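Enquirer: structure for this input, please:
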Amino acid sequence: MLHQFRTAQGEIEVTVAKQGDVWHLGEHQATVEPDGRLLLTMASGLKSYATAAKVGDVWWVHFEGHTFCLERIEPGASQSGDEGGLVAPMPGKVLDVLVEIGQSVEAGQTLMVLEAMKMEHRILASNPGQITAIHFTADEQVQQGSVLLEMVDDES
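Expert: You can find the predicted model right below:
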């Protein structure tokens, strides 16, 4: 599965797959040691240890004397047959609506914040565009797959 992260150096994409006890991170591999550390095996064969902790949508990774902050980007998914519709990834409660109808937005901009399973989930614009409809307000409950808001992509 492809994941996108925002880092201090810019956005990165990582393909993650699991086979048995081995995590495949692009061309690299990781296994979890009994003490909780990650043993990373690089494509070159070089091995090194890392530790990681997740806080909300942010992963803190300590690797070779450096600490990296990886903020997960979760673009809202388009519902098939309804291009531009952004849907709820799971049932939850709308905490905040950060845009208005007619507002222009940038790719990666947070449009709405949901609370589900005691965690905050940000609904992000996957492309630059303009908000055309908002279907829920703060404090409303939503079901998985509910269209939260709609937007049209900017013509470039």
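Enquirer: so where do the helices sit in the protein?
Expert: For the chain, no helices are identified by DSSP state H.
Enquirer: point out where it drops to low pLDDT.
Expert: Low-confidence segments of the chain, defined by pLDDT under 70: 1-2, 56-57, 73-85, 155-156.
Enquirer: let's see 90
Expert: Along the chain, the model assigns pLDDT under 90 to residues 1-28, 32-38, 43, 51-92, 106-110, 114-128, 143-147, 153-156.
Enquirer: quick one: terminal-to-terminal distance for stretch 102-121?
Expert: For stretch 102-121, the first-to-last residue distance is 23 Å (C-alpha to C-alpha, to the nearest Å).
Enquirer: same question for stretch 111-122.
Expert: With C-alpha to C-alpha, one end of stretch 111-122 sits 7 Å from the other.
Enquirer: ok, now stretch 3-18?
Expert: End-to-end distance of stretch 3-18 (C-alpha to C-alpha): 14 Å.
Enquirer: tell me the buried residues in that stretch?
Expert: For stretch 3-18, burial by neighbour count (16 or more other C-beta atoms under 10 Å) applies to Q4, F5, R6. (Glycine included, C-beta is placed from N, CA and C.)
Enquirer: kindly report the same for stretch 26-34.
Expert: Applying 16+ other C-beta under 10 Å to stretch 26-34 flags Q29, A30 as buried.
Enquirer: what's the first-to-last distance across that stretch?
Expert: Using C-alpha to C-alpha, the two ends of stretch 26-34 sit 23 Å apart.
Enquirer: what of stretch 99-107?
Expert: 13 Å.
Enquirer: who touches it?
Expert: Around stretch 99-107, the neighbours that count as contacts under C-beta atoms under 8 Å, 6 or more residues apart in numbering are 109, 111-112, 125-134, 149, 151, 154.
Enquirer: E150: how many residues sit nearby?
Expert: By other C-beta atoms under 10 Å, 20 other residues sit near E150.
Enquirer: again, but for L111
Expert: A count of neighbours around L111, defined by other C-beta under 10 Å, yields 22.
Enquirer: residues in contact with it?
Expert: With contact taken as C-beta under 8 Å, 6+ apart, L111 is in contact with 76, 86, 97-99, 105, 123-125, 131, 148-149, 151.
Enquirer: returning to that earlier point: got a quick ChimeraX command for the buried subset of the contacts of stretch 99-107?
Expert: Remark: buried members of these, expressed as a ChimeraX selection using 16+ other C-beta under 10 Å:
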select :111,112,125,126,127,129,130,131,134,149,151
